[in-house]
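K.L.:
Quick one: sequence and predicted model below, then my questions.
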Amino acid sequence: GQQLNQSPQSMFIQEGEDVSMNCTSSSIFNTWLWYKQDPGEGPVLLIALYKAGELTSNGRLTAQFGITRKDSFLNISASIPSDVGIYFCAGQAALNQAGTALIFGKGTTLSVSS
Amino acid sequence: NAGVTQTPKFRVLKTGQSMTLLCAQDMNHEYMYWYRQDPGMGLRLIHYSVGEGTTAKGEVPDGYNVSRLKKQNFLLGLESAAPSQTSVYFCASSYGRAAGYNEQFFGPGTRLTVL
């Protein structure tokens, strides 16, 4: 089945540093979504991408839909302690493919020390 | 709007017991999903529904059953709980599958322990 490879698995950074994480797939996707999960909570949508090459920002977060439609990255600038959590990428294949709506990566756990 | 709500928040079962997890959404979404989350495994789809009265299997459906009798509710049942079903369960919903309508909104989760 389709899989997303998300990296890195975990990151330990200092407050103020920039962060970058990415997801790759062997399949083409027509949607990339980035979620954040705080401890003890459900995932919350951060950014949605719908066009190859699209670059979208949400405050200190920037995400891009890869031009090949097989990858996406998320950058966080000037990290702060509340950025701590698990970040998930999720992709959806073309509509004519059977199966589930979204495929999720295994997550990147971010730790920020002040 | 409450969004997606789940009950209960926590539950402890003994092996062989049964239980039902309830998910409710007030966003008039057509699609609803049940996931389980285990350490290092990410989110794995158990079952999903594309509309009232329909259900379909996801990636890890064994040991679970679901029902979608009303559009706003999606129930996940465990008929005979096993320790391997100890996990955190998340419900989600979305308008549909087309780009721009497939953003999934998640509930707060149910933490289930099977002894």
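P.N.:
Perfect, thanks for sending it. Bear in mind that the values here come from a model prediction, so they are computed numbers and not experimental data.

K.L.:
where are the low-confidence patches of chain B?
P.N.:
Across chain B, residues meeting the criterion (pLDDT under 70) sit at B:99.

K.L.:
Surely A:P43 is in contact with A:G85?
P.N.:
No - look at A:P43 against A:G85 with C-beta atoms under 8 Å: they stay out of range, at 9.3 Å. All C-beta atoms are positioned from the backbone trio N, CA, C, and that covers glycine.

K.L.:
These two: who's more crowded?
P.N.:
A:P43 (28 against 20; other C-beta atoms under 10 Å in any protein chain shown).

K.L.:
Chain neighbours aside, what residue packs nearest to that one?
P.N.:
Nearest residue to A:P43, sequence neighbours excluded (C-beta to C-beta, 6 or more residues apart in numbering or on different chains): A:Y35, at 3.9 Å.

K.L.:
Helix, strand, or coil at that neighbour?
P.N.:
Following DSSP: H, G, I helix; E, B strand; the rest coil, the label given to A:Y35 is strand.

K.L.:
Quick check, it in contact with A:F88.
P.N.:
Yes - with contacts counted by C-beta under 8 Å, A:Y35 reaches A:F88, the gap being 4.5 Å.

K.L.:
so what's in contact with these two at the same time?
P.N.:
Counting by C-beta atoms under 8 Å, 6 or more residues apart in numbering or on different chains, the contacts common to A:Y35 and A:F88 are A:P43.

K.L.:
list residues touching both of A:P43 and A:G85?
P.N.:
A:K36, A:Q37.

K.L.:
which residues does the residue nearest to A:P43 contact?
P.N.:
A:P43, A:V44, A:L45, A:L46, A:Y87, A:F88, A:C89, A:A90, B:F106.

K.L.:
The residue most central in space within chain B pairs with what?
P.N.:
Geometric centre of chain B, nearest residue: B:W34, 2.5 Å, by C-alpha atoms, centre = their mean. Beta-bridge pairing for B:W34 (DSSP bridges): B:H47, B:C91.

K.L.:
I'd say it and B:Y64 touch.
P.N.:
Yes - judged on C-beta under 8 Å, B:W34 makes contact with B:Y64 at a distance of 7.4 Å.

K.L.:
can you list the residues that contact the worst-scoring helix or strand of chain A on mean pLDDT?
P.N.:
Least confident helix or strand of chain A, by mean pLDDT, DSSP states H and E, is strand A:103-104 with a mean of 88. Contacts to strand A:103-104, defined as C-beta under 8 Å, 6+ apart, come from residues A:2-4, A:25, A:29, A:88-93, B:42-44.
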